[in-house]
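*Asks:* Quick one: sequence plus predicted model below, questions after.
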2 protein chains.
Amino acid sequence: MPDEEGHPSRDEIELGRVLAALADPLRRSVIRELAAEPDGTARTCSSFGLPVSKATLTHHFRALREAGLIRQVDRGNSRMATLRRDDVETLFPGLLAILRAEQP
Amino acid sequence: MPDEEGHPSRDEIELGRVLAALADPLRRSVIRELAAEPDGTARTCSSFGLPVSKATLTHHFRALREAGLIRQVDRGNSRMATLRRDDVETLFPGLLAILRAEQP
DNA sequence: CCAAAGGTTCGATTTGCATCTTACCTCAGT
DNA sequence: ACTGAGGTAAGATGCAAATCGAACCTTTGG
């Protein structure tokens, strides 16, 4: 499977998909954590400590990736996730700040 | 049924509910139209010309009302909907602009 | 007074989503 | 070479959401 699979380009990102992805509290917590760290921070899926099974983890990260919110790159054994900060901030200015302000 | 039924106060509005409400394209189009009109504009549910049945209309407007995005007031025969612009803009600054920018 | 228009409620259907278990793959380290 | 850790894929399940038709209520306009 190619690396760029399932990553929409900036102009393919749809607001509906983004909002649907962010409607889930677990996915929102992932974006909130990534948005709070320095730009370019890469983390593995399992480093977020979400209280779900591995299969469900894959499911949630695919939703985020296909919405265009994160980029996933294989590095050795793991798949590192980074926030697509520029793309999101350009297309939807203020959205990340709204997510960061949420009290979980 | 009292008038204020189903309207959360400002501090009861939850981001998750708001995003879930806005994940639907029909509901998003309602907010987009209201956001484009002058503040305080009141419109009836049926004036949006959504391609769904009356029962489904009721369903969608309840989702928007319970999320805290609109206020609904009975006026004679109809139930007028107004955007809760202040509340939304205060809690989620920039959100309405993001919705207005979408090309439907 | 009657009819039509605007909404709501109920019950049914259908579809999609979150979740899990199981099985499998691949790389890293020993 | 084996094992374990990180992830993916497939299939099942349970629940919530979107949709509709039909019945009903209220108000406005003839």
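*Replies:* It's in. Numbering: from 1, shown residues only, chains lettered A, B, ... in the order given.
*Asks:* surely A:L69 meets A:L83?
*Replies:* Yes - if you go by CB atoms under 8 Å, A:L69 and A:L83 touch, sitting 7.1 Å apart. In short, each C-beta sits where N, CA and C put it, glycine included.
*Asks:* of these two, who's got more company?
*Replies:* A:L69 (30 against 25; other CB atoms under 10 Å in any protein chain shown).
*Asks:* What separation is there between the more buried one and DNA strand D?
*Replies:* 15 Å (CB to the nearest atom of the strand, to the nearest Å).
*Asks:* Could the C-alpha coordinates of stretch A:83-96 be exported in PDB?
*Replies:* Written as PDB, here are the backbone C-alpha positions of stretch A:83-96 (Å, rounded to 0.1, in the frame of the first residue of the first chain):
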ATOM      1  CA  LEU A  83      -1.300  17.500  12.300                       C
ATOM      2  CA  ARG A  84      -1.800  19.100   9.000                       C
ATOM      3  CA  ARG A  85      -1.700  22.500  10.700                       C
ATOM      4  CA  ASP A  86      -1.100  24.700   7.600                       C
ATOM      5  CA  ASP A  87      -3.800  23.100   5.500                       C
ATOM      6  CA  VAL A  88      -6.400  23.100   8.300                       C
ATOM      7  CA  GLU A  89      -5.600  26.700   9.400                       C
ATOM      8  CA  THR A  90      -5.700  27.900   5.800                       C
ATOM      9  CA  LEU A  91      -9.000  26.300   4.900                       C
ATOM     10  CA  PHE A  92     -10.700  26.700   8.300                       C
ATOM     11  CA  PRO A  93      -9.100  29.600  10.200                       C
ATOM     12  CA  GLY A  94      -9.800  29.400  13.900                       C
ATOM     13  CA  LEU A  95     -10.900  25.800  13.900                       C
ATOM     14  CA  LEU A  96      -7.900  24.500  15.800                       C
END
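*Asks:* still on that earlier bit, shared neighbours, A:L69 and A:L83?
*Replies:* Common neighbours of A:L69 and A:L83 (criterion: CB atoms under 8 Å, 6 or more residues apart in numbering or on different chains): A:I31.
*Asks:* For A:D74, which three-state class applies?
*Replies:* strand (DSSP: H, G, I helix; E, B strand; the rest coil).
*Asks:* Contacts only, for the nearest residue to A:G94 once chain neighbours are set aside.
*Replies:* In space, and not counting its chain neighbours, A:G94 is closest to B:G94: 2.5 Å by CB to CB, 6 or more residues apart in numbering or on different chains. Residues in contact with B:G94, defined by CB under 8 Å, 6+ apart, are A:P93, A:G94, A:L95, A:A97, A:I98.
*Asks:* Same question for A:S47.
*Replies:* Contacts of A:S47 (CB under 8 Å, 6+ apart): none.
*Asks:* swap in A:L64?
*Replies:* Per CB under 8 Å, 6+ apart, neighbours of A:L64: A:A21, A:R27, A:V30, A:I31, A:I70, A:A81.
*Asks:* Work out for me the element the fourth one sits within.
*Replies:* In the assignment (DSSP states H and E), A:I31 maps to helix A:25-36.
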